[in-house]
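Undergrad: Generate a structure from the sequence data that follows.
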Amino acid sequence: MRFLFLLCFLLGNQLLAQTSLTSDMLERYAFRFTIDDQNNLKDSVVQKQWNSWIGENQFVGIAEVHNSRQLSLFTTALLPLLSEQDFECFALELGPNTAAILNRITSDPKKTTHKIRELNNQYGKKSRLKTPLIFVNKKADALFMERASMLGFTFWGLDQEYAFSYEMLIDEIYALEKKASPEMLDLYNDVKKLMRKKIFRKKAGGQPIYCWYQSNELLNNYFDHFKDNPKAMKIISDIRESWDIYCKSASGQGSNQQRANYMKKNFESYYSSVGEQQPKVLLKLGGVHLTHGISPFGVNDMGEFLHERSLASNAGFLSIRHLIPYRNGRSNIGKSGWKAVEMFLKLGQKDKWTAVDLRPFRKQLQERLITANKAITYELMNYDILLLSPDDQYGKPNY
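TA: Purely as a prediction, here's the structure:
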């Protein structure tokens with residue numbers, strides 16, 4: 001609440017400031033660097049700068065623009081620095097049961113790319129570029145997954161189980177059946193056929209597919225069979241929660257806060273399972289989830305949760321705001337969805353990464369030495385480091 005009051009105070013008193021913030025003023029604080037062909041931050045000056053920003057923070061969040069190949073390479077490069085500072089947990093925007101599968105298949109890091117490709121081919125649909133995974137399903141994503149595994153990171157899945165993961169999870173549940181009867185095998189095969197037929201559809205029976213799943217008799221019969229199996233019921237509970245979130249969203253009821261609460265609950269579960277040690281956690285989530293205050297959707301999301309938690313425990317939370325100035329050689333300035341942050345995009349370069357520490361400007365806002373419009377003020381108050389990709393591309397699916 002203190003953070004929200006301060007933000008409102010700043011927005012309401014901009015006219016008292018002396019100078020309007022400009023891209024030229026931000027440029028004075030711009031730090032540029034490159035990543036080598038092996039996806040490393042080799043330059044000692046670059047390493048020193050990023051180590052100083054990571055500092056003693058317990059939580060580091062990469063507030064990403066999704067489907068950025070360059071950001072996957074940056075994440076790969078940043079992981080060794082985080083590992084040196086005792087980070088061992090890597091939270092991702094995917095479901096907890098999917099994360100458990102990823103922890104299993106990355107136990108041999110050298111096989112990571114191949115194993116993810118196997119999952120994509122087994123449960124996905126190449127012709128539509130759909131996979132059972134989300135945000136770790138591209139070729140470049142496998143690079144940071146591999147490096148994280150090599151460095152001993154454990155993957156945490158905070159989010160709902162992804163829309164195309166359910167056949168995979170049906171198999172995970174069945175694998176927990178110790179001695180399947182012929183009747184159970186028939187039921188399992190019927191559920192598999194149903195899921196393969198429906199999983200890539202948006203609707204079934206005239207309603208959103210996720211709502212249809214919830215009331216489907218065959219699926220419920222399959223789940224009921226495992227009512228005495230705690231491990232299976234945990235997966236089933238997560239699936240049901242995911243369907244409820246998706247169903248409400250697709251029906252126009254709104255489920256953003258429910259989803260955020262589910263992510264926070266999963267975080268707490270992972271965090272407490274570590275024991276008395278306070279783990280250092282890297283998070284790689286969509287930008288809206290990692291704001292220090294209320295999210296752009298008006299949600300008390302993971303970022304606000306980590307902000308308050310870090311204050312209470314005298315730890316720190318560093319939020320890195322990723323943006324894409326260029327994609328496929330073309331500037332995003334002037335394009336729909338990017339106009340609010342054009343001041344930031346102007347700092348980007350096609351051949352180099354650009355990073356800017358936004359916190360000095362936040363202090364100047366607080367002291368009413370500068371002013372900025374509402375959108376930029378929100379950015380300055382909610383993120384710590386601005387990170388601009390060099391010329392970016394959509395990642396290629398790992399098929």
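Undergrad: From here on, just use CA atoms for contacts and neighbour counts.
TA: Will do.
Undergrad: Touching, Met233 and Tyr222? I think so.
TA: No: the criterion here is C-alpha atoms under 8 Å, and Met233 misses it with Tyr222 at 11.3 Å.
Undergrad: overlap in contacts of those two?
TA: Among the neighbours of Met233, none is also in contact with Tyr222 (C-alpha atoms under 8 Å, 6 or more residues apart in numbering).
Undergrad: Report the central residue of this protein.
TA: Nearest to the geometric centre of the chain sits Leu285, at 1.9 Å (C-alpha atoms, centre = their mean).
Undergrad: Who is it paired with across the strands?
TA: Beta-bridge pairing of Leu285 under DSSP bridges involves Ala63.
Undergrad: list the contacts for it?
TA: Gly61, Ile62, Ala63, Glu64, Leu92, Glu93.
Undergrad: out of these, who has the most neighbours?
TA: For those, the largest number of neighbours (other C-alpha atoms under 10 Å) sits with Gly61, at 27 neighbours.
Undergrad: Tell me where the stretch 201-350 of the chain has strands.
TA: 203-204, 207-208, 280-286, 317-323, 326-327, 330-331 (DSSP state E, counting those that start in this stretch).
Undergrad: what residue ranges in this structure score low on pLDDT?
TA: 1-17 (pLDDT under 70).
Undergrad: Determine the longest helix present in it.
TA: helix 230-250 (DSSP state H).
Undergrad: Deepest-packed of the strands of the stretch 201-350 of the chain, please.
TA: strand 317-323 (a mean of 25; mean count of other C-alpha atoms under 10 Å).
Undergrad: partners of that strand, with directions?
TA: strand 59-64 (parallel), strand 385-388 (parallel).
Undergrad: Please name the bridge partners of the closest residue to Tyr29 other than its chain neighbours.
TA: Nearest residue to Tyr29 in three dimensions, chain neighbours excluded: Val356, at 5.8 Å (C-alpha to C-alpha, 6 or more residues apart in numbering). Applying DSSP bridges to Val356 yields these beta-bridge partners: Ala30, Leu386.
Undergrad: For burial, what's the neighbour tally of Val356?
TA: 22.
Undergrad: cool, and the one 5 residues further on?
TA: Neighbour count for Phe361, taken as other C-alpha under 10 Å: 22.
Undergrad: wait, which of the strands of the stretch 201-350 of the chain is closest to Lys374?
TA: strand 317-323 (17.0 Å; C-alpha to C-alpha).
Undergrad: would you turn the strands paired with strand 317-323 into TSV with distance to Leu133?
TA: Formatted as TSV, these follow (distance: least, C-alpha to C-alpha, whole Å):
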stretch	distance to Leu133
strand 59-64	17
strand 385-388	25
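Undergrad: and of those, who's closest to Tyr262?
TA: It is, among the strands paired with strand 317-323 and with distance given as C-alpha to C-alpha, strand 59-64, at 17.9 Å.
Undergrad: Quick one: residues in contact with the closest one.
TA: 54, 71, 280-290, 306, 316-323.
Undergrad: So which residues make contact with the next helix or strand after that strand?
TA: Next in sequence after strand 59-64, counting helices and strands by DSSP states H and E, comes helix 69-84. Here helix 69-84 makes contact (C-alpha under 8 Å, 6+ apart) with 35, 39-41, 47, 50-51, 54, 64, 140-141, 143-145, 147-148, 151, 389-395.
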